[in-house]
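[1] Okay, sequence plus prediction incoming.
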Amino acid sequence: MTLRISVIGTGYLGATHAAAMAEFGFEVLGLDIDPEKIATLTAGKVPMYEPGLSELLLKHVAGHEGSTGRLRFTTSPQEAADFGDVHFVCVNTPQRKGEFAADMSYVDAAIDALAPHLTRPVLVVGKSTVPVGSAGRLAERLAALAPVGEGAELAWNPEFLREGFAVQDTLRPDRIVVGARSEHAERLLREVYAEPIAAGVPFLVTDYATAELVKTAANSFLATKISFINAMAEVCEAAGADVTQLSAALALDERIGGKFLNSGLGFGGGCLPKDIRAFMARAGELGADQALTFLREVDSINMRRRSRMVELAREQCDGGFLGRRIAVLGAAFKPNSDDIRDSPALNVAAQIQLQGAQVTVYDPKAMDNARKMFPGLAYAPSALEAAEGAHVVLHLTEWQEFRALDPAELGAVVAERRLLDGRNVLDAEAWRAAGWTYRALGRPS
Ligand SMILES: NC(=O)c1ccc[n+]([C@@H]2O[C@H](COP(=O)([O-])OP(=O)(O)OC[C@H]3O[C@@H](n4cnc5c(N)ncnc54)[C@H](O)[C@@H]3O)[C@@H](O)[C@H]2O)c1
Ligand SMILES: O=c1ccn([C@@H]2O[C@H](COP(=O)(O)OP(=O)(O)O[C@H]3O[C@H](CO)[C@@H](O)[C@H](O)[C@H]3O)[C@@H](O)[C@H]2O)c(=O)[nH]1
């Protein structure tokens, strides 16, 4: 009999994971505490923007014409407990308010809601990003609360998907890492991931702590690489050098590589910033804080990008924002996503608005989320309309749509042709040729 899988938490990670499990051929039940999200998913709609996810959902959500019917959703933990042989925990682990540490209350609540209904042996698999040591603690909590006791086993299987590529990263990840305490758990997860394993995806089995650490170490490395190139951008700016040429040259060294070496406004989102901070906090608890002091620097370099961009915008406004109109292109923390969690673009927009400018934002997909979180900013339905009457245009999220903008067309509607490229991807020469002042972080003016 094929495995039945429940996915607890159907946000960016869980909704994609649930659809991918259905694509692998399993019967899947998604569980969330948010009834609106569950209603949307049940209607075959994706509550966020993630390329390819809508198609995958419609292919599998029960009750839709032509669907396999393998994917359903619920708000009842008891239904999920009765249904699943394997339960994936995909709930949020945000940064605690006013602290660096991760807020584990959602993971704890998910286990507490599921466990009392577990009356037969099952495998609970953590996918959320958690501080090292959490899996050991949760395994005990689970066995203590489940009527089946240690028959409710825990494994840890961190997730490495990138937003914007979530579907392909879930169906064919670079690697599958599993922290497991028994051969039974390993066997079940090999069955779950039989398809990617058959396609050659490496399947690594470790203890709990190592599996948890692979995740936080990977995100720390990625964040460090971005902050490294942004630190170089600061030096380039001081020395009159060009960081884009520098990174292109570094990238040709195969040992360094060009991925995650794009300088600009730095990293944001619901993962890298909070994950490096939670990692530092956890290392401190473990007495290993010295090992990660460099991450403090990685974080500060990253946050300095945002203030430097505000400064550069002020310089372009001849020293003062009062009464100036600023157009901000981009609100999502990265292109191909509507996610605005810790978005560098919106952080810069809000700072500039606070300092007296009139800021108008446009983003291809993140407008609704941005409006909810930053109701004080103005929004326009297109890049062209956002730019109307602007004294400075800020390009802060590198959507393909912005690369295709016509500098002459935009030039016709702005008050002044001043462009700040926060992502170092626009064609400086083309903009300058159309009469624009083009400035970017870490590049000569
Ligand atoms: N977003 C990503 O790209 C990504 C990638 C890898 C890992 N992660 C990690 O995965 C976890 C989830 O991230 P996300 O971006 O999907 O978050 P999210 O906020 O989009 O989704 C979390 C979902 O869990 C639900 N939830 C909260 N408590 C619940 C409970 N007790 N029972 C059922 N549902 C509950 C919420 O309502 C929400 O829908 C985090 O730990 C994150 O660090 C995220
Ligand atoms: O060269 C680069 C690459 C990225 N970024 C920025 O870094 C942030 C994060 O980008 P990315 O890592 O692509 O997005 P996420 O979807 O947040 O994915 C990261 O966080 C996830 C959640 O933990 C992990 O699963 C992924 O492996 C990890 O890449 C964004 O603001 C990007 O604009 C740069 O500034 N320069």
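    Thanks, I have the structure now. Ligands and ions are numbered 1, 2, ... in the order given.
[2] check contacts around the residue lying closest to A387 once chain neighbours are set aside.
    Leaving aside its chain neighbours, A387 sits nearest to A327 (4.4 Å; criterion: CB to CB, 6 or more residues apart in numbering). Where you see a C-beta, it was placed from the backbone N, CA and C, and this is true even at glycine. Contacts for A327 (CB atoms under 8 Å, 6 or more residues apart in numbering) come out as 359-360, 362, 380, 383, 386-388, 390, 392-394, 414.
[3] Could you give me the PyMOL syntax to select whichever of those residues are buried?
    For the buried members of the contacts of A327, the matching PyMOL selection, counting by 16 or more other CB atoms under 10 Å, is:
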select buried, resi 359+360+362+380+383+386+387+390+392+393+394+414
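[4] which one of the contacts of A327 is nearest H60?
    Of all the contacts of A327, Y362 has the smallest distance to H60: 33.9 Å, by CB to CB.
[5] how close does the residue nearest to the closest one when sequence neighbours are not counted sit to ligand 2?
    In this structure, Y362 finds its nearest non-sequential neighbour in A386, 3.8 Å apart by CB to CB, 6+ apart. Counting by CB to the nearest ligand atom, to the nearest Å, the gap from A386 to ligand 2 is 20 Å.
[6] For A386, what are phi and psi?
    phi -60, psi -30 (degrees, to the nearest 10).
[7] what do you get for Y379?
    phi -130, psi 140.
[8] For it, give its distance to P273.
    24 Å (CB to CB, to the nearest Å).
[9] These two - which one has more neighbours?
    When neighbours are counted by other CB atoms under 10 Å, P273 comes out ahead of the other of Y379 and P273, with 23 against 19.
[10] Provide the secondary structure category for the more buried one.
    helix (DSSP: H, G, I helix; E, B strand; the rest coil).
[11] For the stretch 101-250 of the chain, which segments count as strands?
    122-126, 152-156, 176-179, 203-206 (DSSP state E, counting those that start in this stretch).
[12] name the helices or strands packed onto the second one?
    Right, the one you point to is strand 152-156. Counting contacts by 3 or more CB pairs under 8 Å, 6 or more residues apart in numbering; DSSP states H and E, strand 152-156 packs against strand 122-126, helix 134-145, strand 176-179, helix 183-192, helix 208-239.
[13] what does the stretch 251-400 of the chain put close to ligand 1?
    Contact residues, the stretch 251-400 of the chain versus ligand 1 (CB under 6 Å from any ligand atom): 270-271.
[14] Low-confidence regions, this protein specifically.
    Along the chain, segments meeting pLDDT under 70 span 1.
[15] Check the spacing between G133 and A139 real quick.
    For G133, the distance to A139 - CB to CB - is 11 Å.
[16] Which one's more surrounded, those two?
    A139 (21 against 15).
[17] Name the residues of the stretch 101-250 of the chain found near ligand 2, please.
    129, 159-163, 219, 222, 226.
[18] ok, which of the residues you listed also contact ligand 1?
    Among those, the ones lying near ligand 1 by CB under 6 Å from any ligand atom are 129, 159, 161, 163.
[19] Which single residue of the stretch 301-445 of the chain ends up nearest ligand 1?
    D339 (7.2 Å; CB to the nearest ligand atom).
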